[in-house]
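Asker: need the 3D shape of this:
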Amino acid sequence: MTVVSDKAEMLGRTRDRQADALRALESKQRELAQERATATQRLEDLEQARTEAGEKKEEVQGKLREARKLLNSLTAEQRARMEAAQERADAAPGSSDAPAGYNGPASGRGRTAIEFAYAQLGKPYEWGSTGPNSYDCSGLVGAAWRSAGVSLPRTVKQMYDAGRKVAKSDLQPGDVIYWYNDSQHNGMYVGNGKAIHAPRTGKNIEIVPLDSMPFFAASRP
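Answerer: Numbers count the residues shown, from 1 in each chain. Got it, this is the predicted structure:
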């Protein structure tokens, strides 16, 4: 009986050791699986960030090419007129980049979009930026209307092509304003003969008189 008992005890200890080893192995496998899952997620995040960075770079380069093409198509007289208009816009009475609350006549989604734009007053212009710390002109318009649940195309030209055109005499707060031509610069009408826009490098988002720059067209999202 003693031999049988000793063998049984030895087998029991062996089974216990095997069970402990199996549990340790399973625990290690779970840890490795978790580490693999974490590493996979980090890799996916890095790939996504790299893709977004590439798209951003391509977008900015596209806007630069568009701007160079536009500038190259202008005559010396047209360039001088454009620069003079920009200087007048900077010095126009009623221009302001100081934060302010909107108290104009807008309502509905247009008011939501304008209130968002007003909240960005004083933030810097940055070519190719769509927020939240800086914007280019179409980036501001797109972000403002996105806050109201409306998705607009990315560039000035795309917004112009896609928008429902309205006459200057029929402007409503929230309408998208295009100055100079259909692809150079845009902003949003806020009512009372004024507009909000992101001007250019070195300037901040501001409110200006609608006619501080040559009015070209308007569209309604």
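
Asker: helices along this protein, start to end?
Answerer: Assigned helices in the chain, in chain order: 2-73, 76-91, 108-119, 137-147, 156-162 (criterion: DSSP state H).

Asker: quick one: contacts of the shortest one?
Answerer: It stands for helix 156-162. With CB atoms under 8 Å, 6 or more residues apart in numbering as the contact definition, helix 156-162 has outside contacts at 66, 137-138, 141-142, 152-153, 176, 178, 182-186, 217, 219. For the C-beta atoms, the positions are set from N, CA and C on the backbone; glycine is no exception.

Asker: which positions within that helix qualify as buried?
Answerer: Along helix 156-162, the positions that meet the burial threshold by neighbour count (16 or more other CB atoms under 10 Å) are Val156, Lys157, Met159, Tyr160.

Asker: can you tell me which of the residues you listed is closest to Ile114?
Answerer: The closest of those to Ile114 turns out to be Met159 (CB to CB; 16.3 Å).

Asker: give me the distance between Gly131 and Arg146.
Answerer: For Gly131, the distance to Arg146 under the criterion CB to CB, to the nearest Å works out to 9 Å.

Asker: picking that back up, list only those of the contacts of helix 156-162 flagged as buried.
Answerer: Among those, those classed as buried by 16+ other CB under 10 Å are 137-138, 141-142, 152, 176, 178, 183-186, 217, 219.

Asker: quick one on the thing from earlier: comparing Gly131 and Arg146, which shows the higher neighbour count?
Answerer: Neighbours per residue, other CB atoms under 10 Å: of Gly131 and Arg146, the larger number sits with Gly131, 19 against 15.

Asker: how about Ala143, nearest residue that isn't a chain neighbour?
Answerer: Spatial nearest neighbour of Ala143, excluding adjacent residues (CB to CB, 6 or more residues apart in numbering): Gly131 at 4.8 Å.

Asker: please apply the same query to Pro124.
Answerer: On the basis of CB to CB, 6+ apart, the spatially nearest residue to Pro124 that is not a chain neighbour turns out to be Ser134, at 4.8 Å.

Asker: what does the domain assignment say about this protein?
Answerer: 1-63, 74-220 (automatic domain parsing).
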